[in-house]
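Engineer: sequence? don't have it. structure:
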């Protein structure tokens with residue numbers, strides 16, 4: 001049923017809590033798991049304090065998540081992308097043929113997208129596949 005599951009992650013508590021649901025779904029359906037973290041593209045007019053810091057942070061986040069899933073016997077692929085988080089998540093879901101996106105209800109993200117139009121809301125509206133939101 002869910003051959004490929006996309007799990008966009010950030011450093012939020014909600015993403016950590018969603019990991020349990022991801023584990024259950026992937027184990028139940030024998031799904032391929034793809035972890036994704038998106039770094040928002042820097043604004044060219046504003047100098048970034050340390051662009052490597054975001055990249056290093058994302059790489060570490062993805063490796064930690066891979067390790068946690070590996071402890072559960074789940075192999076996963078990791079992707080690090082740059083762009084607008086909601087659009088990038090949906091583009092990746094389409095590119096990998098995801099059957100399901102699982103994500104926390106809100107995240108800290110590495111994004112400036114406003115709370116009134118959250119990444120989660122945009123993903124729900126733009127997704128090429130079902131989206132499971134974990135509160």
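Structural biologist: Nice, I can see it. Keep in mind that what you see is a predicted model, and the values were worked out from it rather than measured.

Engineer: and stretch 103-120, end to end?
Structural biologist: Distance between the boundary residues of stretch 103-120 (C-alpha to C-alpha, to the nearest Å) amounts to 8 Å.

Engineer: what's the average pLDDT for that stretch?
Structural biologist: Across stretch 103-120, the average pLDDT comes to 64.

Engineer: try stretch 37-44
Structural biologist: Average pLDDT, stretch 37-44: 78.

Engineer: so what does the helix or strand bottoming out on mean pLDDT in the chain touch, helix or strand wise?
Structural biologist: Every helix and strand of the chain was ranked by mean pLDDT, DSSP states H and E. The lowest is helix 51-71, at a mean of 84. Here helix 51-71 touches helix 13-29, strand 32-39, strand 76-82, going by 3 or more C-beta pairs under 8 Å, 6 or more residues apart in numbering; DSSP states H and E. Backbone N, C-alpha and C define where each C-beta goes, glycine included.

Engineer: so which of those is the most surrounded?
Structural biologist: Ranked by mean neighbour count, the helices and strands packed on helix 51-71 are led by strand 32-39 with a mean of 22 (mean count of other C-beta atoms under 10 Å).

Engineer: how far does that strand sit from the chain's center?
Structural biologist: 5 Å (C-alpha atoms, centre = their mean, to the nearest Å).

Engineer: same check, this time on stretch 54-69
Structural biologist: Centre to centre, stretch against its chain (C-alpha atoms, centre = their mean), the figure for stretch 54-69 is 11 Å.

Engineer: then stretch 22-35?
Structural biologist: Chain-centre distance of stretch 22-35: 14 Å, with C-alpha atoms, centre = their mean.

Engineer: sweet, I'm off.
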